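**Student:** Give me the fold of what follows.
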Amino acid sequence: MESEKPGSCPTRAGECFMTNRGSFLFVESNTTGTGELLIRRARVLGFEPYLVTRNPARYPFLKDSAAQVIEAETRSQDELVGIAAKLRRLSGIYSTSDYFVGAASSAATAIGLPTADPDSIATCRNKWKQAAELERQSIAIPETRLATSVKDVKNILAQATLPVVVKPVSGSGSSGVRLCDSAGAAIKAFESARGALLDQVDLTSPDILIQQYIEGKEYSAEIIAYDGALHCLGILAKHKGPAPCFVEVGHDFPAPLPEPSLQELASFATGAVSALGLKFGPSHVEFVITESGPVIIEVNPRLAGGMIPVMLSHALGTSILDMVIRLYAGEGFTPPHASARAGAIRFRLAPNSGKLKRLSFSRNQDPIVPEGGLLKSEGEEVQIKGDFRDRVAYAVGVADELDAAAAAADRMIDSIVIDIETATGGSDKQDSGSSEGRWTLHPEAMKLLAPPIEISRDGRLLYYQAAIDEAHLVMLADRDLVCQADAADLLKHILDLQNEGFQSLEGRDAPRGLYLAYEAELAARAGTEKAGWLHLARSRNDLNATISLLALREAACSISQQIGIAQDALLQRAEEACRLVAPLYSQYQIALPGSLGHYLLGVFFAIGRERQRLHSLLEDIRNCPMGAGAGGGTTIPVDPLQTAGLLGFELPSFNSLDAVASRDHHLQGLSVFAGVSILLSRVAQDLQVWTTREFAFIDVPHNLAGGSSMLPQKKNPFPLEHIKGSASTVIGAYVSAATATCKAPFSNSIEASNYGCSPLGLAEDALKRAITLTSLIVKFISFNARSMRENLEDGSAMTTVAAERMALQGVPFRKAHTLIGEITRRLSLDSSVADRRSELASHLAGVFPESLEECRDALQFGGGPGNRSARDQISVAKTLFRDTQLKCMDLRERWAHAEMLRKQRVQELIERHQAT
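**Tutor:** Sure, this is the predicted structure:
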């Protein structure tokens, strides 16, 4: 199939080649097809189209366009209004660009043309204000915070649950949007997002959102508002490219959901649009369906991009673009008739950066693929950005059934032939620049031992690798071991890889491991000879040892932060529950009157010690292995102390063999992880027992429980079972790592460096899940004060206090213990609870507590549940919590300072040699 531009949309009979309907002004445009098509459709409908732009060079389609171009400052409302006022018989003003839809609306309002309310659009375009308004109106959204500095990011992450999504407040097309599963990744994404829009619309992004990542399938709703009504054109299912980016690579219409669900989602989406005050024009609503229902990701006050209007036009049998033009020209809106046809869009992403040597379809257009085209041209330079600009081609399939439409679009997009020449003349996915290239792993072995790179799996390790490269190159340049110009160029390419989210490595074969595939990409970009300096005075042995410590450090600190969230919940609920009387148990038998607050405080102190052990481990990770080489050091006069400092370590390793052989920190970390998981499992066991009808001390809310497929009355707090089950994963990870390491030689070996360290990620994920579920349950359980008291009303639990009071009056404790034991055995179980308690009180007059509260509060020594003791415990707990939180922040600050210093040195080197 030949290269073709985005095609036209279906039109109604009699609509083509109309004339004399006045002019139509477009304010800027998107760059991926819809903007160009709208201009063409306006001409077909008989309007004279104008495009006002501050930079015509942004739109290559203008050279073949029928639009008249007006060059002006589109960020000035006065200038836009002045231009609009001069156009003859101006019928409408519209923009397909997220960044200028507000300006177009303001200009249209100023001269009395149909448009949406500019204030509502402004609220919508500022995603922070949008989130606040949706939350105010009780529309479900992710937990959202605003960051304007790295300090803000750290403060937010101290309270957030990873992973998080970082995005510019006023961005579009997934530009600068990144999924971050660590604090370091979030800080990098924050810094990158602030400049993500500069090369698109020359805008900085000082305000950045940090949102809770919502798990679930993503969808969009396409809505048009007119004359007081909101019309949903359809619900689409979204396909995304690999994390950490959010590039949309496909859409399915209608979303493969039952019709009642589609109607409910349409109502949900229109509710969000209405809440934002959008009463005119198209809106593109993005949301995720979770187990508890749909959650709005964002509402965009404009027509969908990504060729969605083109696909919908074919599926609905009427031009969505024509509808929009007519709507803004004041000709009203008629909703399209429901259609039985289905549609699918598929995109192809560029695999890596470089010069596009060849791009074409290798098959002819299928009859059920009415649209297919190329979004880049041969000879064009492609730069991986991690957003919509990575798309190079698209295909639209339309059929009676969605499966057929999707299959046709897939076949078409899979037929793309693409060849991208890298800077050194190599082609896509050719590993070069490694002396180990002669080692070719057997294909079957490669599948098992060296699977292709997946950024979702390997991205964090690549970020650690890049950080080490930055520190190593700065050190080599400072000591004149590498030419500073070469180091600066390499650092620039490393920064590019990080900013791109390492997308050029996605799917890359790694027969000799992740590092050599990464090094080959740098060689392809910077040149083999220059990249060869990168590995001076180091080995994969000290590299892997350092990466493993960075991963452990991040995991341990992240778990500490999660424990902090759990401690906060425990402390808050403990203060509330200390007032309520509840049984204390010994071997599942009621022992004494106490309180659930006393229980929760006990858990607080126990988990606090585990957290202190984590911090002791983190303080002990002081020595950086870099410089140890393969285990025998190096002849090159490196400065390992400088490298260590730039990576947040205090010292280099003193012994090169210890540096590459030892994995004791990992075993210690996994041991603490196992300790935390065991504690949480014990707590979950208690809580699960206490939810039973026989106990009924607590109740778990419905959104933290499930039902039965067979038993209609059953309410199952199943997250507690996940907490208990997670412990087996964490304990298993420790056993696996210890077993792998125990027979490994005391030197670098795959058993220790790979199998001894790889269980860390599995353990971290399982433990985070357990801690988060525990925090949620503790935070939202309700206490049944009546049930807790009922188990104590017969007074038997108060007899220990009576015996101790007798001892204080001079009766030997063993004698008092025997006397009271005989009295309790004589009590008739056939008597009422009140009678048994009354009989105890009569036999033990003067020592038997008058109430459960008096009895509980008497237990004030030895850390008991008494009121005075509880207040002292809460005071100590608050101090410990505050001190531990500060220690956690201090650790983060120390590492962030090292990272800031490293980034500063990297930037200095780059800028110094760019200037020359």
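
**Student:** any low-confidence regions in the stretch 301-450 of the chain?
**Tutor:** In the predicted model of the stretch 301-450 of the chain, residues 338-339, 422-447 satisfy pLDDT under 70.

**Student:** I meant the chain, not that one.
**Tutor:** Along the chain, segments meeting pLDDT under 70 span 1-19, 32-33, 196-205, 338-339, 422-447, 511-512, 915-916.

**Student:** If you count residues, where's the longest helix of it?
**Tutor:** helix 867-915 (DSSP state H).

**Student:** Asp414: what's it in contact with?
**Tutor:** Taking Cβ atoms under 8 Å, 6 or more residues apart in numbering as the contact definition, Asp414 lies against nothing. Bear in mind the C-beta positions are built from the backbone N, C-alpha and C, glycine included.

**Student:** hmm, 10 Å instead?
**Tutor:** Shown in contact with Asp414 (Cβ atoms under 10 Å, 6 or more residues apart in numbering): Arg346, Arg348, Phe361, Ser362, Arg363, Ala395.

**Student:** any idea which of those residues is closest to Thr634?
**Tutor:** Arg348 (44.9 Å; Cβ to Cβ).

**Student:** the helices in the stretch 301-450 of the chain, which residues?
**Tutor:** According to DSSP state H, counting those that start in this stretch, the stretch 301-450 of the chain carries its helices in the segments 308-316, 320-328, 402-414, 443-449.

**Student:** Reformat these as a markdown table; add distance to Leu276.
**Tutor:** Shown next, in a markdown table, are the helices of the stretch 301-450 of the chain (distance: least, Cβ to Cβ, whole Å):
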| stretch | distance to Leu276 |
| --- | --- |
| helix 308-316 | 20 |
| helix 320-328 | 18 |
| helix 402-414 | 30 |
| helix 443-449 | 50 |
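
**Student:** Tell me which of those sits nearest to Gln668.
**Tutor:** The nearest among the helices of the stretch 301-450 of the chain, by Cβ to Cβ, is helix 443-449 at 28.0 Å.

**Student:** which of the residues in whichever helix or strand Ala158 is part of are buried?
**Tutor:** Taking DSSP states H and E as the definition, Ala158 sits inside helix 150-159. By neighbour count on 16 or more other Cβ atoms under 10 Å, the buried set for helix 150-159 is Asp152, Val153, Lys154, Ile156, Leu157.

**Student:** Stretch 494-514: end-to-end distance?
**Tutor:** End-to-end distance of stretch 494-514: 15 Å, with Cα to Cα, to the nearest Å as the criterion.

**Student:** how about Ala269, secondary structure?
**Tutor:** With DSSP: H, G, I helix; E, B strand; the rest coil as the basis, Ala269 sits in helix.

**Student:** I'd say it and Ser283 touch.
**Tutor:** Yes. Counting by Cβ atoms under 10 Å, Ala269 does reach Ser283; the two are 8.3 Å apart.

**Student:** contacting residues for the nearest residue to Ser274 once chain neighbours are set aside?
**Tutor:** Of all residues not flanking Ser274 in the chain, Leu230 sits nearest, at 6.3 Å (Cβ to Cβ, 6 or more residues apart in numbering). Leu230 sits next to 221, 223-224, 266-267, 269-271, 273-274, 278-279, 283 when contact means Cβ under 10 Å, 6+ apart.

**Student:** Show me which pair in the buried residues of helix 150-159 is furthest apart.
**Tutor:** Asp152 and Leu157 (9.6 Å).

**Student:** Find the residues that touch each one of these two.
**Tutor:** By Cβ under 10 Å, 6+ apart, Asp152 and Leu157 have these common neighbours: Arg145, Ile210.

**Student:** Which residue ranges of the stretch 751-900 of the chain form helices?
**Tutor:** 759-780, 785-790, 799-808, 813-826, 833-843, 852-858, 867-915.

**Student:** can you redo the ones you listed as a markdown table with mean neighbour count and distance to Arg525?
**Tutor:** Output for these, formatted as a markdown table (neighbours: other Cβ atoms under 10 Å; distance: least, Cβ to Cβ, whole Å):
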| stretch | mean neighbour count | distance to Arg525 |
| --- | --- | --- |
| helix 759-780 | 21 | 29 |
| helix 785-790 | 15 | 66 |
| helix 799-808 | 18 | 75 |
| helix 813-826 | 14 | 81 |
| helix 833-843 | 16 | 80 |
| helix 852-858 | 20 | 70 |
| helix 867-915 | 16 | 14 |
